[in-house]
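Chemist: Quick one, what's the 3D model for this:
(one chain, ligands or ions: 2)
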Amino acid sequence: MNNSKKAKILIVDDEVNLLDVLSTVVANEGYSVKSTNFPDKAESMIDKYDFDLVVTDLKMEPIDGMSILRYAKRKDPNTQVLMMTAFGTIETAIEALKAGAFDYIVKPFKLDNVKLFIRRALEHRATIIENDNLKEILKQKYDFKNIIGDSSALRNIIQRVQKVAATDATVLITGESGTGKELFAKAIYANSNRHNMPFVSINCGAVVETLLESELFGHVKGSFTDASFNKKGLFQVADGGTIFLDEIGLTSKSFQMKLLRVLQEREIRRVGDTKDIKVDVRVIAATNENLEEKVKDLSFREDLYYRLTVFPIHIPPLRDRTGDVSLLIKYFLEKTSAKLGKIFRPEKEFVDVLSKYNWPGNIRELENIIERSVLLADSTTIKADDLPDSILNFNDNSSSNTTTKRELRSIIDDAQRNHIIRVLEETSGNKKLTAKILGVDPATLYRKMEKLDVAFKK
Ligand SMILES: Nc1ncnc2c1ncn2[C@@H]1O[C@H](COP(=O)(O)OP(=O)(O)OP(=O)(O)O)[C@@H](O)[C@H]1O
Ligand SMILES: [Mg+2]
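Modeler: Numbers count the residues shown, from 1 in each chain. Ligands and ions are numbered 1, 2, ... in the order given. Coordinates of the predicted model:
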């Protein structure tokens, strides 16, 4: 129990003597204690102090322990309630358990026992809260709510993923880089029955061939030069849970054969070992390559391909679902706003320009662009001008027969530049006077000159 923040306890009993003794003993344990011998005051005290634990007598007038219990639980289900009851009222005590009391203790009792009950009730409360938090974090992070997109393609995928999550089926996720393959893999895991077991992830393309096998299957001591001890493979680490094999398309055919065996037999053999070990692991694989092509050109085993594509999920590139772009912009801006404690809003043109872009790096690229634009923006309104040239130019090229804002601006820039130079010439380079004639203050003129690259030499 973490005592750094004192647990708050309320004790209610109409027997003043018992109440006094109990309060003193409990307070001596280091808790923050309030007490009352007027049961009808308990509710307002509960309102006021948000107790972690209420210890109350059962039989009291004019309000009994049951109604205090119900009141406390209604206000905050995490509040624990411990009932004190005389021997004759045990049946009601059981009723109290059904109504959510943590436990009951029969009078007369040893004070040491009460201390123990209190400690357990508070530990119970801490565990519940911690579990709730963990579940919440996991769910929030990989909840389908955080998979953004309203295109029919994406909604379709989410539906399929929700269906397959609850099963143990092998899933193959395909899609270009940055389309969300890992995000979906984690969502499947978080929404599966295995979510309390490990999720282990490995990028098969990032590990050299020989090590990949020992990483995944483990090895026994002496099986190769560097193997100076037994090593558990990731399949064993993930036992009972889920393994995510990223970049499966980059594996060698001999590795593919071993993986096929694991999928078929649900057994692994450590490198250098002679016996097999049973594992219960759900496999989710991902690739941004076209496995069908690879099967055709014989660089990917056909039998493994069929094993993996029991339940294929293809995530289309962002350029094929441009309807999702504005939602994603909003989502990432909200995320960045929350991080920076400031609310950023996109100008309409910002969204328009991004909706026309072709997104080779898909959602990852969009996320980076948004973060970058926010950092560069000089106000909380994010403008198209805050975008990198590569994106602005892309748009210029793709809509060359209309006058884009870019072109318009360069026309205006040229006009302004010429105008400033003309006035500077008239004033023989007197910047103060030039500023006055132009109706701006000198500082603004300097900034303009710098921005427009006006180099005026007398
Ligand atoms: N639909 C979506 N909604 C919200 N965020 C998304 C969505 N799709 C992807 N993302 C985010 O985009 C980033 C890239 O996604 P992820 O890493 O899952 O892509 P990937 O397909 O695995 O890419 P790679 O092939 O490069 O490994 C992550 O930050 C992810 O959270
Ligand atoms: Mg990935």
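Chemist: CA atoms for contacts and neighbours, from now on please.
Modeler: OK.
Chemist: and the gap between residue 63 and ligand 1?
Modeler: 52 Å (CA to the nearest ligand atom, to the nearest Å).
Chemist: tell me the SS of that residue?
Modeler: coil (DSSP: H, G, I helix; E, B strand; the rest coil).
Chemist: Show me which residues of the protein sit near ligand 1.
Modeler: Selection of the chain residues close to ligand 1 by CA under 6 Å from any ligand atom yields 146-149, 176-183, 288, 363-364.
Chemist: Now, the residues you listed that are in helices?
Modeler: Residues of the residues of the chain next to ligand 1 located in helices (DSSP state H): 181, 182, 183, 363, 364.
Chemist: Run through this structure and note the low-pLDDT ranges.
Modeler: Along the chain, the model assigns pLDDT under 70 to residues 1-4, 87, 132-142, 225-229, 395-409, 456-458.
Chemist: Quick one: the helices in the stretch 101-250 of the chain, in order.
Modeler: For the stretch 101-250 of the chain, helices defined by DSSP state H, counting those that start in this stretch occupy the ranges 111-142, 152-165, 181-190, 209-217, 234-237.
Chemist: Any chance of these in CSV with mean neighbour count as columns?
Modeler: Output for the helices of the stretch 101-250 of the chain, formatted as CSV (neighbours: other CA atoms under 10 Å):
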stretch, mean neighbour count
helix 111-142, 15
helix 152-165, 16
helix 181-190, 23
helix 209-217, 19
helix 234-237, 22
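Chemist: For residue 369, give me its contacts.
Modeler: Contact analysis of residue 369 by CA atoms under 8 Å, 6 or more residues apart in numbering lists residue 387.
Chemist: which SSE is it in?
Modeler: Residue 369 is part of helix 362-376, with elements assigned from DSSP states H and E.
Chemist: how about that helix: buried residues?
Modeler: Under the neighbour-count criterion of 16 or more other CA atoms under 10 Å, helix 362-376 has 362, 363, 366, 367, 369, 370, 371, 373, 374 buried.
Chemist: same check, this time on stretch 94-107
Modeler: Within stretch 94-107, the residues scored as buried using 16+ other CA under 10 Å are 96, 97, 100, 101, 102, 103, 104, 105, 106.
Chemist: follow-up on the earlier one: how far does the helix holding residue 369 sit from its chain's centre?
Modeler: Here helix 362-376 shows a centroid-to-chain-centroid distance of 18 Å under the convention CA atoms, centre = their mean, to the nearest Å.
Chemist: which is the next helix or strand following it?
Modeler: strand 381-382.
Chemist: elements contacting that next one?
Modeler: strand 345-346 (3 or more CA pairs under 8 Å, 6 or more residues apart in numbering; DSSP states H and E).
Chemist: What is the subsequent helix or strand relative to the strand it packs on?
Modeler: Trace forward from strand 345-346 with DSSP H and E and the next one is helix 348-356.
Chemist: coming back round to it: can you check which of the helices of the stretch 101-250 of the chain gets nearest to residue 346?
Modeler: Distance to residue 346, taken as CA to CA, is lowest for helix 152-165 among the helices of the stretch 101-250 of the chain, at 23.5 Å.
Chemist: Other residues contacting stretch 75-86?
Modeler: 47, 51-59, 65, 69, 72-73, 93, 96, 100-108, 117-118, 121-122, 125, 128-129.
Chemist: Next up, the contacts around residue 203.
Modeler: 245, 246, 247, 248.
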